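Student: I would like to see how this sequence folds:
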Amino acid sequence: MKTQTISPTLQAPGITSEAVAGVQPKAASRLLFIDNIRVFLTVLVILHHLVVIYAGTGGWFWKEGRQDVITESLGAWFTAVNHSYFMGLFLLVAAYFVPGSYDRKGAARFFKDRLVRLGIPLVVYSWLLRPLWIYVYLVKYQGLRLPLQSWYFQQYFRVYGWIGGGPLWFIEALLIFSALYAFWRLLIPARQNKPALETRFPGDGAIALFVLFVALASFMVRFWFPSDTVFEPLNFQLADFPQYIALFIVGLVAYRRNWFHLMPESVGRRWLGVAVFLILIFPPVAILGGATENDLPFKGGWHWQAFIGALWQSFLCVSMCLSLIYLFRRRFNRQGWLAASLSRKAYTAYLIHEPVITFLALLAVNINLYPLLKFTLMALVATPLCFGLSSLIRRLPYAEQVL
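Tutor: Next comes the predicted model:
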């Protein structure tokens, strides 16, 4: 199969290929692995939310409700591992392209591009598409008897928040972080055209200190905002924002210092081992902490479970980020036609997957299968369906300029 040496779309969700214009030429030919990470994470988000539907772990509009102990346990394990790192890694790779985009465009054009690529989908989905599809769901499957205008103006925003509902909280956060970066750059204009510099990759000790800092910050924030608590006006789970903010900043620094390309393979292998170990110890830690009967102490507060949970999540997050960058750079630093096509459609697939998998699961509600088997079959249908619909949406007039 013919492979490419330079990716046609080198973006995390909402980040265009222009964003990498400032990267040194020798690094540009190696960015395909980041593009492939973005596709992997998009698929993982779809699978994560399907698991919530069929394993009952986490929040969703509708759950099938046929879970047994094995399904619930594996579902909790799968979602806990994903939740620890996948959105943080999304922000890390998105931030990696932000400085180059700003260098190329300047503040005004950079912010205009962010408003187009992030702001338009955020507003259209949050204020038009999401209220409409939730209304259809409630009328058809929950027996809602309320005129659309009453639902829209009197209930939706009061119940579901003003903006960033569902998966769009990520787009909202990325827009805010990008705007703050632009304002920061305006305060230090001398840095505007500073080229990428190669510096030594941080050692294990520095990485571990960074993880401890994130864990401690997460533990403290969760006194006021326990895990799964939603700050409804913006639909943010603030318990995870110490990780998100820290990784976004690391992504900015990583671009300037070329860390994604300079990370030694020995570092990737060591932290891959750490990640595997942390994934395997999740079940015994959860059981010893009493999570099978009451998981609230893990979510926040002055509990040893809350501190251990923040520590486990932070170490797994960083180890998974390092491991995946290492593995994709080593094994998947190329693209054929299929990978390139998926990369172009990944952003749209992320945007639309919430209603797609919800209605798909409802259509299949009468198919009586073991939950894990049904999840597998639905994943095989839902994933290509999301990307296929993305292809159709991107053919609409002006859609490619936004998506």
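
Student: now name the helix or strand holding Leu47.
Tutor: Leu47 belongs to helix 32-55 when elements are defined using DSSP states H and E.

Student: show me what that helix is packed up against.
Tutor: If contacts are counted by 3 or more CB pairs under 8 Å, 6 or more residues apart in numbering; DSSP states H and E, helix 32-55 sits against helix 69-96, helix 304-331, helix 337-363, helix 371-393. Using the backbone N, CA and C atoms, a C-beta is placed for each residue, glycine as well.

Student: can you list contacts of the shortest one?
Tutor: Taking CB atoms under 8 Å, 6 or more residues apart in numbering as the criterion, the residues outside helix 371-393 that touch it are 43, 46-47, 50-51, 53-55, 64, 66-68, 70-71, 74, 341-342, 345-346, 348-349, 352-353, 356-357, 360-361, 364, 367, 369, 399, 403.

Student: what does stretch 150-166 give?
Tutor: Contacts to stretch 150-166, defined as CB under 8 Å, 6+ apart, come from residues 122-123, 125-127, 130-131, 134-135, 138, 144, 146, 171-173, 230, 232-236, 354.

Student: of these, grab the buried ones for ChimeraX.
Tutor: Of those, the buried ones go into a single ChimeraX selection, burial set by 16 or more other CB atoms under 10 Å:
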select :122,125,126,127,130,131,134,135,138,171,172,173,230,234,235,236,354
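
Student: next step: the contacts of stretch 150-166 restricted to helices.
Tutor: Among the contacts of stretch 150-166, the members found in helices (DSSP state H) are Leu122, Val123, Arg130, Pro131, Ile134, Tyr135, Leu138, Ile171, Glu172, Ala173, Glu354.

Student: any chance of the residues you listed in JSON lines, plus distance to Gly268 and pLDDT?
Tutor: Shown next, in JSON lines, are these (distance: CB to CB, whole Å; pLDDT from 0 to 100):
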{"residue": "Leu122", "distance to Gly268": "34", "pLDDT": "94"}
{"residue": "Val123", "distance to Gly268": "39", "pLDDT": "93"}
{"residue": "Arg130", "distance to Gly268": "39", "pLDDT": "91"}
{"residue": "Pro131", "distance to Gly268": "44", "pLDDT": "91"}
{"residue": "Ile134", "distance to Gly268": "42", "pLDDT": "90"}
{"residue": "Tyr135", "distance to Gly268": "47", "pLDDT": "90"}
{"residue": "Leu138", "distance to Gly268": "47", "pLDDT": "90"}
{"residue": "Ile171", "distance to Gly268": "29", "pLDDT": "96"}
{"residue": "Glu172", "distance to Gly268": "32", "pLDDT": "96"}
{"residue": "Ala173", "distance to Gly268": "27", "pLDDT": "96"}
{"residue": "Glu354", "distance to Gly268": "33", "pLDDT": "95"}
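
Student: circling back: the helices and strands packed on helix 32-55 into TSV, with extra columns for distance to Ala208?
Tutor: Putting the helices and strands packed on helix 32-55 into TSV (distance: least, CB to CB, whole Å) gives the following:
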stretch	distance to Ala208
helix 69-96	16
helix 304-331	8
helix 337-363	32
helix 371-393	35
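
Student: show me which of the contacts of helix 371-393 are buried.
Tutor: 43, 46-47, 50-51, 53-55, 64, 67, 71, 74, 341-342, 345-346, 348-349, 352-353, 356-357, 360-361, 403.

Student: where does the prediction get shaky in the stretch 151-300 of the chain?
Tutor: The model of the stretch 151-300 of the chain has pLDDT under 70 over residues 189-198.

Student: ranges for the helices of it?
Tutor: Per DSSP state H, counting those that start in this stretch, the stretch 151-300 of the chain carries helices over the ranges 157-160, 168-187, 204-221, 241-257, 259-262, 265-288, 296-299.

Student: looking at those, which is closest to Val116?
Tutor: helix 168-187 (10.8 Å; CB to CB).

Student: in that closest one, what's buried?
Tutor: Judged by neighbour count using 16+ other CB under 10 Å, the buried positions of helix 168-187 are 168-175, 177-179, 181-182, 185.

Student: what residue is smack in the middle of the chain?
Tutor: Central residue of the chain (CA atoms, centre = their mean): Met87, 2.9 Å from the mean position.

Student: grab the nearest non-local neighbour of it.
Tutor: Phe170 (6.1 Å; CB to CB, 6 or more residues apart in numbering).

Student: ok, now which ones touch Gln401?
Tutor: Contacts of Gln401 (CB under 8 Å, 6+ apart): Val116.

Student: that one: which element?
Tutor: Assigned by DSSP H and E, Gln401 belongs to helix 399-402.

Student: pull that helix out as CSV, backbone CA atoms only.
Tutor: Output of helix 399-402 as CSV, limited to C-alpha atoms (Å, rounded to 0.1, in the frame of the first residue of the first chain):
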residue,chain,number,x,y,z
ALA,A,399,-18.4,22.6,5.4
GLU,A,400,-14.8,21.8,4.6
GLN,A,401,-13.8,25.4,5.5
VAL,A,402,-15.2,24.8,9.0
